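[1] Just the structure for this:
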Amino acid sequence: GRGEGVVGVHSGMDMIRLFPGALSALQDCHDHLIPARDVRLAVASSADTPRAVAIGRQAMSMLEVLPGVTLLDVLRIGWGEQNDVNLKIG
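    Residues are numbered from 1 along each chain as shown. All right, here's what the predicted structure looks like:
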């Protein structure tokens with residue numbers, strides 16, 4: 001396989017994780033097999049407390065699509081300097 005980094009992090013008793021299909025698609029985006037001009041990624045969450053928002057953002061900075069490449073890194077591809085407008089958490 002391509003290898004994988006951290007694909008799950010604990011939050012209390014829950015596991016926040018990247019599922020295999022999502023991981024594969026994110027790796028393709030990272031490797032530009034799906035060009036940023038054709039696809040830009042976005043995420044949304046119904047986190048309803050400041051703590052839940054913080055946990056969601058922290059998880060995105062810890063989950064890895066490939067070793068050393070975080071979910072947040074990949075979500076920012078193609079957005080330039082738009083300051084995470086594609087990340088709607090809370």
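[2] For residue 20, see how far away the most centrally placed residue in the chain is.
    Nearest residue to the geometric centre of the chain (C-alpha atoms, centre = their mean): residue 71, 2.9 Å. Distance of residue 71 to residue 20, given as C-beta to C-beta, to the nearest Å: 14 Å. Yep, even glycine has a C-beta here, placed from its N, CA and C like the rest.
[3] before we move on, what SS does residue 51 have?
    Assigned with DSSP: H, G, I helix; E, B strand; the rest coil, residue 51 falls in the helix class.
[4] quick one: it from residue 88, how far?
    Taken as C-beta to C-beta, the span from residue 51 to residue 88 is 17 Å.
[5] ditto for residue 70
    Taking C-beta to C-beta, one finds residue 70 at 18 Å from residue 88.
[6] Over to residue 40?
    14 Å.
[7] got it, and residue 37?
    Taken as C-beta to C-beta, the span from residue 37 to residue 88 is 22 Å.
[8] Please enumerate the strands of the chain.
    Secondary structure of the chain by DSSP state E: the strands cover 8-11, 14-17, 43-45, 64-66, 69-70, 87-89.
[9] got the buried residues for the last one?
    Neighbour-count burial for strand 87-89, with 16 or more other C-beta atoms under 10 Å as criterion, is recorded at 87, 89.
[10] Give me the contacts around it.
    42-45, 47, 53, 56-57, 60, 75 (C-beta atoms under 8 Å, 6 or more residues apart in numbering).
[11] strand partners of it, parallel vs antiparallel please.
    strand 43-45 (parallel) (DSSP bridges).
[12] Tell me the buried residues in the strand it pairs with?
    residue 45.
[13] Stretch 39-51 now?
    Buried-residue list, stretch 39-51, by 16+ other C-beta under 10 Å: 41, 45, 47.
[14] Same question for stretch 74-82.
    74-79.
[15] any idea which of the residues you listed is closest to residue 66?
    Nearest to residue 66 out of those is residue 74 (C-beta to C-beta; 8.8 Å).
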